[in-house]
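>>> next comes the sequence, and after it the predicted model I'd like to discuss.
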Amino acid sequence: MKEYNFEEQELINGLIEIMPPEVSVETLEVISYKESSYPLHCFTIGSAPKGAPTLLLIGGVHGLEKVGTHVVISYLSFLFEQLKWNTDLQKIFQNFKIVAIPMVNPVGVAHNMRSNGKGVDLMRNSPTEAIDKSLFLIGGHRLGNFLPWYRGRKKDPMQIEAKALCDKVKSIVSQSTHCLALDFHSGFGLKDRLWYPYAKTSTPFSAQNQVEKIQALFDKTIPHHIYKIEPQSDQYTTHGDLWDYLYDWKEENHPRHNFIPWTLEMGSWTWLKKNPIQLFSKLGLFNPIKDHRYSRTMRRHLLLIDFFSNITKNNEVWKK
Ligand SMILES: [Zn+2]
């Protein structure tokens, strides 16, 4: 089967070409869709042993929110270029790792769909059920893939893409003691929101205390940061959230592990407000279209990712 050719895949192939020796890449899965194949790539940065603290960077779970994939690719390219000459940075990666999956849902990204090729919303696809009442449809449903936010059939296994992500996270958590994840999305509200679990309930999750420590450090270190930090359930409650599922899995299997998954929800309504014509394009609802706004978005989150790298490495300040 021939590999489907599209912009984001080309950007990832470009990253593979400029990989420095500290970086390796693996194909977690190859998805087939309408006579073409779509590889699901995962980069590991750093030669650190398996137990090293790890920062996970995830993009493109929702294919339409391409900006997430672009932010992760931009960061990797920034890192790969620096690793070629910055010897201090090379040393950091001797006992710290970044694992990046820039495009979890390549079929969705290629064809401008929120869901995967089977019409399933991957962020509603885990077996986790919401405890608090979730919004009709948006919170996830099993009516059918003719509607967005479809969870898939109850008895079916998780979708290939969702399972590949979960298996990777589980293997990292099983082998380490500290892991933070940043999953890049877009589309909700005017502000850039940094969400932590749960999506299923407004009952606080067990790492609330650690989140508060990280937030206090973030506010002190970067006092002018732009992010609104809150549990996801402050905005809405959903079924099937992959990070809820992974967090609960961690609690059951590795209760002492320090794992906190975060989601960056880039507020796309600002892009709409400044350029209302975007309202008429499906991609424009979720992505910055004008060149200068695109460049600014790519730069805007470098500091956030840097902070998360540093806080993952220096975990004594927030661990239990
Ligand atoms: Zn999303």
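Right, received. Where do you want to start?
>>> could you give the number of residues near the residue nearest to P39 when sequence neighbours are not counted?
In space, and not counting its chain neighbours, P39 is closest to T27: 4.8 Å by Cβ to Cβ, 6 or more residues apart in numbering. C-betas here are computed from N, CA, C, even on glycine. For T27, the neighbour count with other Cβ atoms under 10 Å is 10.
>>> which residues are contacting the strand or helix carrying T27?
Assigned by DSSP states H and E, T27 belongs to strand 23-33. Contacts to strand 23-33, defined as Cβ atoms under 8 Å, 6 or more residues apart in numbering, come from residues 1, 4, 16, 19, 37-45, 80, 83, 101, 106-107, 111, 116-117, 160-161, 164, 167-168.
>>> which ones among these map onto helices?
When the contacts of strand 23-33 are checked against helices (DSSP state H), the matches are I16, F80, L83, P106, V107, I160, E161, A164, D167, K168.
>>> got those as CSV, with distance to the ion columns?
Listed next are the ones in helices among the contacts of strand 23-33 as CSV, based on distance: Cβ to the ion, whole Å:
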residue, distance to the ion
I16, 25
F80, 26
L83, 29
P106, 15
V107, 15
I160, 19
E161, 13
A164, 17
D167, 21
K168, 19
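>>> mind checking which of those residues are buried?
F80, L83, P106, V107, I160, E161, A164, K168 (16 or more other Cβ atoms under 10 Å).
>>> what about stretch 90-107, how long is it end to end?
From its first residue to its last, stretch 90-107 covers 34 Å (Cα to Cα, to the nearest Å).
>>> could the ones in helices among the contacts of strand 23-33 go into a markdown table alongside distance to V23 and pLDDT?
Below are those laid out as a markdown table (distance: Cβ to Cβ, whole Å; pLDDT from 0 to 100):
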| residue | distance to V23 | pLDDT |
| --- | --- | --- |
| I16 | 9 | 97 |
| F80 | 6 | 96 |
| L83 | 7 | 95 |
| P106 | 20 | 98 |
| V107 | 25 | 98 |
| I160 | 25 | 98 |
| E161 | 22 | 98 |
| A164 | 19 | 98 |
| D167 | 21 | 98 |
| K168 | 16 | 98 |
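>>> which parts of the chain sit against the ion?
With the criterion set to Cβ under 5 Å from the ion, the chain comes near the ion through H62, E65, H185.
>>> let me see the ranges of the strands in the stretch 1-150 of the chain.
In the stretch 1-150 of the chain, the strands defined using DSSP state E, counting those that start in this stretch lie at 2-3, 23-33, 36-45, 54-59, 97-101.
>>> need the winner for burial among those strands.
Of all the strands of the stretch 1-150 of the chain, strand 54-59 has the most neighbours on average by mean count of other Cβ atoms under 10 Å, namely a mean of 26.
>>> contact partners of it?
By Cβ under 8 Å, 6+ apart, strand 54-59 touches 68-73, 75-76, 96-104, 165, 169, 172, 176, 178-184, 261, 305, 308-309, 312.
>>> what about those, which are in helices?
68-73, 75-76, 165, 169, 172, 305, 308-309, 312.
>>> now do stretch 201-221: everything it contacts.
With contact meaning Cβ under 8 Å, 6+ apart, stretch 201-221 is reached by 130-132, 196-198, 225, 227, 229, 231, 233-234, 237, 247, 251, 258-260, 307, 311, 317-320.
>>> of the residues you listed, grab the buried ones for ChimeraX.
Here is the ChimeraX command that selects the buried residues among the contacts of stretch 201-221 (16+ other Cβ under 10 Å):
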select :130,196,197,198,227,229,231,233,237,247,258,259,260,307,311,318
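>>> for I12, see how far away whatever residue of the stretch 101-250 of the chain ends up closest to the ion is.
Across the stretch 101-250 of the chain, no residue is closer to the ion than H185, which sits at 3.3 Å (Cβ to the ion). For H185, the distance to I12 (Cβ to Cβ, to the nearest Å) stands at 19 Å.
>>> and what of N112?
17 Å.
>>> neighbour-wise, which of those two wins?
A count of neighbours by other Cβ under 10 Å puts I12 above the other of N112 and I12, at 21 against 14.
>>> what's the closest non-adjacent residue to the more buried one?
H41 (5.6 Å).
>>> just to check, that neighbour is in contact with V99?
No - if you go by Cβ atoms under 8 Å, H41 and V99 don't touch, sitting 11.4 Å apart.
>>> drop anything exposed from the contacts of strand 54-59.
68-73, 75-76, 96-104, 165, 169, 172, 176, 178-184, 261, 305, 308-309, 312.
>>> no more questions from me, cheers.
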